[in-house]
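1. I need the structure of the sequence given here:
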Amino acid sequence: MIKQDSIQRVLDTARVEEVLSDYIHMKKRGANYMANCPFHDEKTPSFVISPAKGIYKCFGCGQSGNSVSFLMNHEKMNFSESIRYLANKYQIQLEETEQTSEEKVLSTTRESFMIINEYACKHFETNLHEHEEGKMIGLSYFKERGLSPETIQAFRLGYCINDWEYFSNEALQKGYNKEFLVKLGLSKENDQGGLRDFFKGRITFPIQNTSGRVIGFGARTLKKEDKTAKYLNSPENEVYNKSRVLYGLYTAKNAIPKENYCILVEGYMDVISLYQANIHNVVASSGTSLTQDQVRLIRRFTENLTILYDGDSAGIKAALRGIEIGIENGLNLKIVLLPTSHDPDSYVNEFGGEKLKEYILENAKDIVTFKAHLFKTEAGNDPVKKAELVREIIKTISLVKDNIKRSYYLKECAMLMGIEEELLARETQKMIVGKIAEEKKNKSRNEIPSFEEMDAYEDISKEQEVQNLSKYPSKLIMTEIELCRVLIEYGDKVFSDSENPFDTESKILVLQHVFENELEDYAFESEVCAKVFNLIKTNYLEAQVLPFKYYATHADTDISQFTIKYCDQYQDEILSNWGSKNEHVKISNYGDHFKKEVGDTIKLVRITNLEKLSKQIIEFCKNEMEHNTQNDIAFKHLEIQKLFLEKIKEESAHLQNVFRNT
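-> Now for the predicted structure:
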């Protein structure tokens with residue numbers, strides 16, 4: 001187990017903008033950075049990274065967090081993996097306690113898979129460079145293909161010995177789980193229950209995620225007479241999904257934003273050969289047609305994609321499959337088909353990287369030009385086929401969401417096809433309207449209830465509220481959230497009942513006001529809020545009034561996630577900065593009304609808590625009446641409590657409206 005002191009040292013050292021820059025392309029905007037959100041599709045950047053606070057927040061989808069939570073949500077690492085990754089990045093020595101056998105057993109499947117894949121990668125690398133068979137077969141093949149030692153090392157290429165049990169036996173001797181070896185596709189179980197090597201006698205291509213961790217393998221046979229498949233790939237599992245991965249993105253992620261476009265090819269060797277030819281902004285779909293998840297990966301780094309495929313029929317079909325998904329997700333697409341006798345690997349080996357760059361520049365076509373030239377050849381003079389061709393192009397144009405870009409494509413299509421632009425525009429609009437209508441028909445409602453509707457969710461289990469603060473938390477939980485929020489945001493501010501600014505004796509901090517005068521023994525409904533509240537109180541009793549960043553980057557993920565999710569300080573400051581640049585817009589400064597917020601929140605907590613107690617009393621009275629229907633006293637108690645409850649609800653509704661308008 002990693003010691004808490006080490007965890008906090010990592011959190012204090014890791015700079016959120018440095019960590020996130022490995023995964024997304026960001027631009028400086030004042031004191032902050034802006035980027036397209038990696039968690040949802042968007043054209044206009046709404047993802048803000050704040051170095052000062054050590055957090056990020058998307059004002060489009062609401063995702064927020066710090067360096068650790070980003071790795072957990074984006075890279076699907078667990079907390080321990082995230083800390084180890086950051087410790088390695090910043091060269092921090094972690095102090096750990098010895099793991100018990102129970103703790104080792106409880107290690108997550110995902111973490112175990114990552115460890116086994118890394119072991120397999122190093123094993124195959126060692127075979128390639130040190131084993132006689134690996135050097136003679138695998139390494140000599142890569143050298144024949146013209147790969148340098150630096151390129152081989154950059155892509156961690158390897159070789160699996162041509163023996164049914166060589167890798168599997170060694171992995172088992174090292175103590176790796178037999179079931180995991182099979183699930184990862186590194187080994188296959190035979191009829192006798194033993195293991196045999198899945199990639200036997202093949203060169204290996206490790207598949208890495210954007211942080212460089214090995215999540216799977218591709219493997220190629222070098223035997224021409226072999227009747228088995230030329231390529232084998234890892235099966236999909238908890239860490240590897242081929243539709244969500246782009247081969248080479250780890251080596252390309254810095255070059256793509258620098259060049260401001262990405263080149264998409266088909267195979268492993270295409271990527272590697274172009275990389276060696278000093279074309280580093282290249283990735284491969286690895287045998288799959290371009291998927292929505294892969295497009296999202298590309299859009300983190302650039303909106304410009306050039307598809308570079310073979311000029312044969314298979315290459316053309318592959319390019320066409322990728323067009324629509326790319327256009328629909330906002331990419332600016334260009335298509336380049338190589339001469340029929342070449343693929344990217346062979347072209348760059350024959351002519352070099354500079355010639356390939358020139359070829360791409362001269363032959364890149366936009367979607368309309370590409371489809372028009374392609375289908376014109378097929379349609380010839382047949383009017384029916386020509387009409388089908390036009391509809392096919394219009395269908396593609398209708399996927400373009402940007403109006404200006406769509407208008408440009410319509411002009412180009414009209415010119416190429418000899419058809420009136422107005423007619424094309426009308427047909428395109430029909431397709432767009434039809435698609436919108438279909439989407440509305442199929443779209444399920446996902447509305448968030450108003451504050452007044454929260455009563456409908458009072459029966460949500462306490463366990464769910466504790467774990468998630470609930471998707472629709474009760475009013476009591478909502479007020480507890482507000483209480484913790486104002487303590488984090490305004491705790492260090494001076495709270496005074498005096499109107500005289502020179503009366504310093506009556507001036508006390510917000511924290512002191514709450515802890516010593518208002519809510520000394522408050523019993524929380526939410527365990528998460530109780531945890532946050534008690535941490536703030538403990539720090540206060542130790543004479544520590546700590547800033548927002550302390551809670552936002554706290555080692556306890558419950559506390560850090562609560563702070564980032566519910567505290568408005570970050571958003572209010574951005575709004576205030578925007579308002580300061582627009583002299584005609586009146587924006588209240590951050591914290592202008594903090595005293596009113598603190599006072600109203602405390603009242604709201606107390607009233608909502610009284611409402612809860614009142615309901616409990618009513619339930620008690622009802623139970624009494626069920627047992628004794630003639631009990632007039634119980635009946636009167638019930639009527640009194642109902643009136644009391646109505647009065648509290650009126651006051652509660654008033655305070656809720658006041659709070660909203662603050």
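2. can you list the domain ranges for the protein.
-> The record's domain split for the chain, according to automatic domain parsing, is 4-89, 108-240, 249-440, 452-546+593-600.
3. any idea which of these gets closest to residue 95?
-> Residue 95 lies closest, by C-beta to C-beta, to one member of the domains of the chain: domain 4-89, at 4.7 Å. (Each C-beta comes from the backbone N, C-alpha and C, glycine too.)
4. please work out the average pLDDT along the closest one.
-> Mean per-residue pLDDT for domain 4-89: 84.
5. end to end on that domain, go ahead and measure it.
-> 19 Å (C-alpha to C-alpha, to the nearest Å).
6. now residue 420: how far from residue 410?
-> 10 Å (C-beta to C-beta, to the nearest Å).
7. ok, these two, which is more surrounded?
-> More crowded of residue 420 and residue 410, by other C-beta atoms under 10 Å: residue 410, with 23 against 10.
8. which stretch of helix or strand covers the more buried one?
-> Take DSSP states H and E as the rule and residue 410 turns out to sit in helix 403-417.
9. tell me the first helix or strand C-terminal of that helix.
-> Following helix 403-417 in sequence order, the next helix or strand is helix 421-442 (DSSP H and E).
10. which parts of that following helix are buried?
-> Along helix 421-442, these residues count as buried under the neighbour rule (16 or more other C-beta atoms under 10 Å): 424, 425, 427, 428, 432.
11. what is the nearest of those residues to residue 188?
-> Closest to residue 188, out of all of the buried residues of helix 421-442 and judged by C-beta to C-beta, is residue 432, at 50.1 Å.
12. that closest one against residue 395, yeah?
-> No. Residue 432 lies out of contact with residue 395 (C-beta atoms under 8 Å); the separation is 10.5 Å.
13. if we can go back for a sec, give me the angle between the helix holding residue 410 and helix 421-442.
-> Relative orientation of helix 403-417 and helix 421-442, computed by axes from the mean of the first three to the mean of the last three C-alpha atoms, to 10 degrees: 130 degrees.
14. so, low pLDDT: which residues of the stretch 101-250 of the chain?
-> Applying pLDDT under 70 to the stretch 101-250 of the chain flags the ranges 101-108, 225-226.
15. ranges for the helices of it?
-> Taking DSSP state H, counting those that start in this stretch as the criterion, the stretch 101-250 of the chain carries its helices at 101-105, 109-130, 132-133, 140-144, 149-154, 166-173, 178-183, 249-252.
16. same deal with the stretch 301-450 of the chain?
-> All helices of the stretch 301-450 of the chain, identified by DSSP H, counting those that start in this stretch, fall at 313-328, 344-351, 353-363, 367-379, 383-397, 403-417, 421-442.
17. out of those helices, which is closest to residue 168?
-> For residue 168, the closest of the helices of the stretch 301-450 of the chain is helix 344-351, at 31.8 Å, according to C-beta to C-beta.
18. may I see the buried residues of the closest one?
-> Neighbour-count burial for helix 344-351 [16+ other C-beta under 10 Å]: 344, 345, 346, 347, 348.
19. ditto for stretch 49-64
-> Buried residues in stretch 49-64, defined by neighbour count with 16+ other C-beta under 10 Å: 49, 50, 53, 54, 55, 56, 57, 58, 59, 60, 63, 64.
20. just stretch 253-268 next, same as before
-> 253, 255-257, 259, 261-268.
21. same check on stretch 181-197?
-> Neighbour-count burial for stretch 181-197 flags 181, 182, 183, 184, 185, 186, 187, 195, 196, 197 (criterion: 16+ other C-beta under 10 Å).
22. if we can go back for a sec, JSON lines for the buried residues of stretch 49-64, including secondary structure?
-> Converted to JSON lines, the buried residues of stretch 49-64 look like this (DSSP: H, G, I helix; E, B strand; the rest coil):
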{"residue": "49", "secondary structure": "strand"}
{"residue": "50", "secondary structure": "strand"}
{"residue": "53", "secondary structure": "coil"}
{"residue": "54", "secondary structure": "coil"}
{"residue": "55", "secondary structure": "strand"}
{"residue": "56", "secondary structure": "strand"}
{"residue": "57", "secondary structure": "strand"}
{"residue": "58", "secondary structure": "strand"}
{"residue": "59", "secondary structure": "coil"}
{"residue": "60", "secondary structure": "coil"}
{"residue": "63", "secondary structure": "coil"}
{"residue": "64", "secondary structure": "strand"}
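23. pick out the most distant pair among the residues you listed.
-> Using C-beta to C-beta, the two most remote members of the buried residues of stretch 49-64 are 54 and 60, lying 20.9 Å apart.
24. out of the buried residues of helix 344-351, which comes closest to residue 316?
-> For those, the residue nearest residue 316 by C-beta to C-beta is residue 344; the value is 14.9 Å.
25. gap between the closest one and residue 307?
-> In this structure, residue 344 and residue 307 are 11 Å apart, going by C-beta to C-beta.
26. verify the stated contact: residue 540 with residue 510.
-> No. In this structure, residue 540 is not within contact of residue 510 by C-beta under 8 Å, at 10.2 Å.
27. list the residues that contact both of these two?
-> Taking C-beta atoms under 8 Å, 6 or more residues apart in numbering as the criterion, residue 540 and residue 510 both touch residue 491.
28. what comes into contact with stretch 267-281?
-> Contacts of stretch 267-281 (C-beta under 8 Å, 6+ apart): 145-148, 151, 154-155, 157, 205, 218, 220, 247-248, 251-252, 254-256, 258-259, 261-263, 265, 282-284, 286-287, 343-345, 348-349, 352-353, 356-357.
29. likewise for stretch 538-546?
-> 491, 492, 509, 511, 512, 515.
30. any chance of JSON lines for the residues you listed, columns pLDDT, secondary structure and distance to residue 598?
-> Below are these laid out as JSON lines (pLDDT from 0 to 100; DSSP: H, G, I helix; E, B strand; the rest coil; distance: C-beta to C-beta, whole Å):
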{"residue": "491", "pLDDT": "83", "secondary structure": "coil", "distance to residue 598": "9"}
{"residue": "492", "pLDDT": "79", "secondary structure": "coil", "distance to residue 598": "12"}
{"residue": "509", "pLDDT": "79", "secondary structure": "strand", "distance to residue 598": "11"}
{"residue": "511", "pLDDT": "82", "secondary structure": "helix", "distance to residue 598": "10"}
{"residue": "512", "pLDDT": "78", "secondary structure": "helix", "distance to residue 598": "12"}
{"residue": "515", "pLDDT": "76", "secondary structure": "helix", "distance to residue 598": "12"}
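31. and which of the residues you listed is nearest residue 232?
-> Here the nearest of those to residue 232, counting by C-beta to C-beta, is residue 491; it sits at 58.9 Å.
32. so that closest one is in contact with residue 511, correct?
-> Yes. Residue 491 lies in contact with residue 511 (C-beta under 8 Å); the separation is 4.4 Å.
33. and those two? Which one has more around it.
-> residue 491 (24 against 20).
34. and the more buried one, what does it touch?
-> Contacts for residue 491 (C-beta under 8 Å, 6+ apart) come out as 509, 510, 511, 536, 540, 545.
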